[in-house]
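In: coordinates for the following, if possible.
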Amino acid sequence: QVQLVESGGGLVQPGGSLRLSCAASGFTFSNYIMNWYRQAPGKEREVVASISTTGGITSYADSVKGRFTISRDNAKNTVYLQMNSLKPADTAVYYCNAKGGLKYNYWGQGTQVTVSS
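Out: Numbers count the residues shown, from 1 in each chain. Predicted coordinates:
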């Protein structure tokens, strides 16, 4: 069955870095646009970064531009989110998402990222 398993979250001090990973299985990973979303307490889920099927096109929320980098390894069925210069405002549950056209939309269970001193 379809699985998206996030890892790499945790507690980090402001200014620190984390690298999130999302391992995919159960579908043809290379055919799907991959996204990272986040949801902070009391807020709506928002898209953080997206990457095209080949990795050639990426996009970012304005709040993370220049600090976060999304990448993918289609040979390993894995998407990554490198997060640098983390701020307390980045504290949220981060979710991996796979979109295949209009019909297919898969979510991971999420990984907690907490930025605090």
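In: over to residue 21: give its phi and psi.
Out: Backbone dihedrals for residue 21, given as degrees, to the nearest 10, come out at phi -130, psi 150.
In: the one 10 residues further on now?
Out: Main-chain dihedrals, residue 31, degrees, to the nearest 10: phi -90, psi 0.
In: now do the same contact list for it.
Out: 53, 100 (Cβ atoms under 8 Å, 6 or more residues apart in numbering). C-beta coordinates here come from the backbone N, C-alpha and C atoms, glycine included.
In: run a quick neighbour tally on the residue nearest to residue 29 when sequence neighbours are not counted.
Out: Distance criterion Cβ to Cβ, 6 or more residues apart in numbering; nearest residue to residue 29, sequence neighbours excluded, is residue 77 at 4.2 Å. When neighbours are defined as other Cβ atoms under 10 Å, residue 77 has 17 of them.
In: do the one 4 residues further on as well
Out: Residues near residue 81, counting by other Cβ under 10 Å, number 27.
In: so what pLDDT did it get?
Out: Among the per-residue scores, residue 81 holds a pLDDT of 98.
In: tell me which residue lies nearest the centroid of the protein.
Out: residue 36 (2.8 Å; Cα atoms, centre = their mean).
In: ok, it to residue 117 distance?
Out: Separation of residue 36 from residue 117 (Cβ to Cβ, to the nearest Å) stands at 24 Å.
In: what's the answer for residue 38, then?
Out: In terms of Cβ to Cβ, residue 38 sits 20 Å off from residue 117.
In: who has more neighbours out of the two?
Out: Higher neighbour count among residue 38 and residue 117: residue 38, with 23 against 8, using other Cβ under 10 Å.
In: tell me which element the more buried one is part of?
Out: For residue 38, the host element (DSSP states H and E) is strand 33-39.
In: which ones are touching the residue nearest to the centre of the chain?
Out: So residue 36 contacts 20, 22, 47-50, 70, 79, 81, 94-97 (Cβ under 8 Å, 6+ apart).
In: now these in CSV, with distance to residue 58 and secondary structure?
Out: Compiled in CSV, these are given as follows (distance: Cβ to Cβ, whole Å; DSSP: H, G, I helix; E, B strand; the rest coil):
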residue, distance to residue 58, secondary structure
20, 15, strand
22, 15, strand
47, 12, strand
48, 11, strand
49, 7, strand
50, 7, strand
70, 5, strand
79, 11, strand
81, 11, strand
94, 16, strand
95, 17, strand
96, 15, strand
97, 15, strand
